[in-house]
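1. have a look at this prediction, sequence included:
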2 protein chains.
Amino acid sequence: MSVEGVHALVRRTHEERVLRVLREHGALSRGQIAAKVGLSRTTLSEITGDLLSRGAVVVVDTDASLRAGSGRPAELLTLDPSSGQFLGVDLGHTRVRIAVADAAHEVMAAGHQTYGPDTGWPERVAIAFDLIDDVGTGSGVSFRALQGVGVGVAGPQPAEPAVAQAFRERFGTTVIADNNTRFAALAEAITDGPDLQDVLYIRLADGIGGGLVVGGRLVTGGHGVAGEFGHVPAFVPSAGAEPDACRCGRRGCLETVASVPAVLRTCRRRGLAVRTAEDLEAALRRGDPVAAAVLDEAADAVGQVLAAAALVLDPTQIVVGGRLTRCWPGVVDRVASTIAERAGTATPRVVRAARLGDEDGALGAIAALYRQTPLLAGYH
Amino acid sequence: MSVEGVHALVRRTHEERVLRVLREHGALSRGQIAAKVGLSRTTLSEITGDLLSRGAVVVVDTDASLRAGSGRPAELLTLDPSSGQFLGVDLGHTRVRIAVADAAHEVMAAGHQTYGPDTGWPERVAIAFDLIDDVGTGSGVSFRALQGVGVGVAGPQPAEPAVAQAFRERFGTTVIADNNTRFAALAEAITDGPDLQDVLYIRLADGIGGGLVVGGRLVTGGHGVAGEFGHVPAFVPSAGAEPDACRCGRRGCLETVASVPAVLRTCRRRGLAVRTAEDLEAALRRGDPVAAAVLDEAADAVGQVLAAAALVLDPTQIVVGGRLTRCWPGVVDRVASTIAERAGTATPRVVRAARLGDEDGALGAIAALYRQTPLLAGYH
């Protein structure tokens, strides 16, 4: 990095910190901002001057109670929400979801559209573009001030580069693309505040995916496929000698035990006629013993896999989400007790249900855009 | 961070980059340094002036072939190796090892001293201090220019803060302390160059420990205990209903299957009289079928645990070290094939034996000192 690059980095870091305190605190005077970010008044004036001239920040008010040295009432600055929009897109296996947020982190509009699981990537992208147009028309959001697009893409084979390129051509702005479950992990991690450092996230749905935050950073892995909890072999005492075949080509993966389709299949094998997650939910509500036993086995397998990961990664928080946990909230308690049993309780570790719903991927994509400062983007 | 802090960071980053090119390239002219680090001549002059005045860099020669604009031969600068020493200490369960390196990364002296496994931490530290004095006397290293001390401490309960404090009081310099296996992981990771991003390291010895490099950073975890591969439950088909008790209080941990004492115990249970790692090595060399079978089971269990970690973390390299791998090099191949079977081969992944010997912890502690720039120390 050249010296100019380093200076730009420092400048951008300052700018980002000013924007962050404005996001967190609303309207502040220059003196208040300087105190909060630890910059001199002179340096801060340069930065706010630049932000004001670019329209990223506006003067909203003057506060006579905050007089500057001259006796003039201090101007209060705030983010101009209309100055920037951030678009989050989650291209899942069977539907696309989008969310649009402003620079103040308020979600302005959202929507979703379903498609078949065999839909190709170019078609999924085209459906997403139509949805974005519809949501824009319906909400009055013009996307003229789009600051960036975050696109989450369903794994496991990374389709991100081609998809990112399509969005870049369409919107002519910064596009970041990553696995959608990884974005969901980020969204869940920051529901407890921006400072969570070590989090494991698993999603039990049509498939099983996951994401990791290690030392405050989202982990991508050496080939972009970190977080494949679904393909860790799971040992199920009742499974017998030949575990189920997995779509990855191996046998006995966690996904063949604890995904929604796997749980339904095991229930049917044991004589319980369930076809959908709703059927399973109803069976659990009426106390069906087969459904309860199958779900317990699934939870134990999930706990087993997470316990091993917890011993290796020492997280402070483990989040369990996805449709299966919404069928029966008790599944999270069962996972938690398996983890405690197999990984011990020497270090405190919160195991909790996910808080966000199906919008997690799109919100995580937006969160990743907000965090795209050079420092967080892996500068070294 | 204040603006002064940011400026100091930038300055220190520049300085570190200048020192790095001198480490890598030996003697260079100012013009050559400027070109390699991408700094202007003016900025570089300030930095080299400061480094020269502090004695960290010296003029070794003038090179008439590299004339500056004025026609004067260019001065060649190089690191002054005597200007800085870095001390690495590895306080293991039964011995302390130390190594001293200069600013040019050359190991100047090394040594070790054994103690009993029940030796308390204050005693271990006292033994280390005596060893450091002895090594200093024997090698002529005075430790007057000590730039920092890295201390690796055997886990699992972190004794680092108290140990670090003792070294800080003794040497009055920067002290960093961490788990010794984690330092060994760092040392192994950088044997392939400084840029390895995603590495799993496991050590099969009296205990089983490990370390992770994720995104180029050594992982500590939320409570400083990341890398506990040894306490992941391992499923061993021949183990029966009641797996062995582990020192952690649980049962069936990998350490009860694949540590050196565990392998010896299992061999003895099956009628093979082996007491030490050397006995085991001899039995393997003469083709004893019991020893071979027990080692295969141990390798399979290790592969099982590493496969799960590989699916979650997506490393590019997995390193298997420790005394057990030196008993029988084939153990690494067996681990590799278990990982391939259970985690697939969709992403390329090197599984290799550790290259360093018992000095790995002390060398890793020194490597961590070299890497203690503010950026690598987790600045954000």
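-> Perfect, thanks for sending it.
2. how about whichever residue of the stretch 101-250 of chain A sits closest to chain B, phi and psi?
-> Closest to chain B within the stretch 101-250 of chain A is residue A:221: 2.5 Å, counting by Cβ to the nearest Cβ. Heads up, the C-betas are built off the backbone N, CA and C, glycines and all. Dihedral pair for residue A:221: phi 90, psi 170, per degrees, to the nearest 10.
3. neighbours around it, how many?
-> Residues near residue A:221, counting by other Cβ atoms under 10 Å in any protein chain shown, number 24.
4. now it, nearest residue through space, not along the chain?
-> Computed as Cβ to Cβ, 6 or more residues apart in numbering or on different chains, the closest residue to residue A:221 that is not its neighbour in sequence is residue B:314, at 2.5 Å.
5. show me what contacts the one you found?
-> A:220-228, B:198, B:347 (Cβ atoms under 8 Å, 6 or more residues apart in numbering or on different chains).
6. at 6 Å what do you get?
-> Going by Cβ atoms under 6 Å, 6 or more residues apart in numbering or on different chains, residue B:314 touches A:221-223, A:225-226.
7. repeat that for residue A:99.
-> Contacts of residue A:99 by Cβ under 6 Å, 6+ apart are A:88, A:107, A:110, A:362-363.
8. in chain A, which spans are helices?
-> Per DSSP state H, chain A carries helices over the ranges A:3-25, A:30-37, A:41-54, A:121-139, A:160-171, A:180-189, A:255-258, A:260-269, A:277-285, A:289-313, A:323-327, A:330-343, A:360-370.
9. hmm, back to that, got a PyMOL select line for the buried ones in the contacts of residue B:314?
-> To isolate the buried ones among the contacts of residue B:314 in PyMOL, judged by 16 or more other Cβ atoms under 10 Å in any protein chain shown, type:
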select buried, chain A and resi 221+222+225+226
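10. residues from the stretch 51-200 of chain A in reach of chain B?
-> residue A:198 (Cβ under 6 Å from any Cβ of the partner chain).
11. what are the ranges of the strands in the stretch 51-200 of chain A?
-> For the stretch 51-200 of chain A, the strands identified by DSSP state E, counting those that start in this stretch occupy A:57-67, A:73-79, A:85-91, A:95-102, A:107-114, A:146-153, A:175-179, A:199-204, in order along the chain.
12. and of those strands, who's closest to residue A:309?
-> Of all the strands of the stretch 51-200 of chain A, strand A:199-204 sits nearest to residue A:309, with 5.7 Å by Cβ to Cβ.
13. and the closest one, which strands flank it?
-> strand A:208-214 (antiparallel), strand A:317-321 (parallel) (DSSP bridges).
14. which other residues reach it?
-> For strand A:199-204, contacts defined as Cβ under 6 Å, 6+ apart pick out A:181, A:185, A:188-189, A:209-213, A:229, A:258, A:309, A:315, A:317-322, A:324.
15. only the buried members of those residues: can you turn that into a PyMOL selection?
-> Selecting the buried subset of these in PyMOL, with 16+ other Cβ under 10 Å as the burial test, is done by:
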select buried, chain A and resi 181+185+188+189+209+210+211+212+213+229+258+309+315+317+318+319+320+321+322+324
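16. before we move on, the earlier item: let me have the contacts of residue A:99 in a markdown table, extended by pLDDT and neighbour count.
-> Shown next, in a markdown table, are the contacts of residue A:99 (pLDDT from 0 to 100; neighbours: other Cβ atoms under 10 Å in any protein chain shown):
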| residue | pLDDT | neighbour count |
| --- | --- | --- |
| A:88 | 96 | 29 |
| A:107 | 87 | 15 |
| A:110 | 94 | 16 |
| A:362 | 95 | 33 |
| A:363 | 93 | 28 |
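17. how many neighbours does residue A:301 have?
-> Quick note: residue A:301 (other Cβ under 10 Å) scores 26 neighbours.
18. which stretch in the strands paired with strand A:199-204 is the model least sure about?
-> Ranked on mean pLDDT, the bottom entry among the strands paired with strand A:199-204 is strand A:208-214, at a mean of 93.
19. contacting residues around that strand?
-> Strand A:208-214 has contacts (Cβ under 6 Å, 6+ apart) with A:181-182, A:185, A:189, A:198-203, A:219, A:227, A:229-230, A:254-255, A:259, B:214, B:219.
20. angle of it against helix A:260-269?
-> 140 degrees (axes from the mean of the first three to the mean of the last three Cα atoms, to 10 degrees).
21. contact residues of the stretch 201-350 of chain A facing chain B?
-> Counting by Cβ under 6 Å from any Cβ, the residues of the stretch 201-350 of chain A near chain B are A:214, A:219, A:221-223, A:225-226, A:228, A:231-233, A:235, A:308-309, A:311-316, A:342, A:347.
22. go with 7 Å
-> A:212, A:214-217, A:219, A:221-223, A:225-229, A:231-233, A:235, A:248, A:250, A:305, A:308-309, A:311-316, A:342, A:344, A:347 (Cβ under 7 Å from any Cβ of the partner chain).
23. was I right about residue A:356 contacting residue A:187?
-> Yes: contact criterion Cβ atoms under 7 Å: residue A:356 and residue A:187 qualify, at 5.7 Å.
24. in terms of neighbours, single out the busier of those two.
-> Each of residue A:356 and residue A:187 has its neighbours counted (other Cβ under 10 Å); residue A:187 has more, 28 against 16.
25. please name the residues that touch that one.
-> Going by Cβ atoms under 7 Å, 6 or more residues apart in numbering or on different chains, residue A:187 touches A:356, A:360, A:363-364, A:367.
26. distance to residue A:120 added to those residues, as CSV?
-> Putting the contacts of residue A:187 into CSV (distance: Cβ to Cβ, whole Å) gives the following:
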residue, distance to residue A:120
A:356, 28
A:360, 24
A:363, 26
A:364, 24
A:367, 28
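27. quick one: residues contacting the residue of the stretch 101-250 of chain A closest to chain B.
-> When contacts are taken as Cβ under 7 Å, 6+ apart, residue A:221 is in contact with B:198, B:313-314.
28. got it, and residue A:318?
-> Residue A:318 neighbours (Cβ under 7 Å, 6+ apart): A:200, A:306, A:310, A:339, A:349, A:351.
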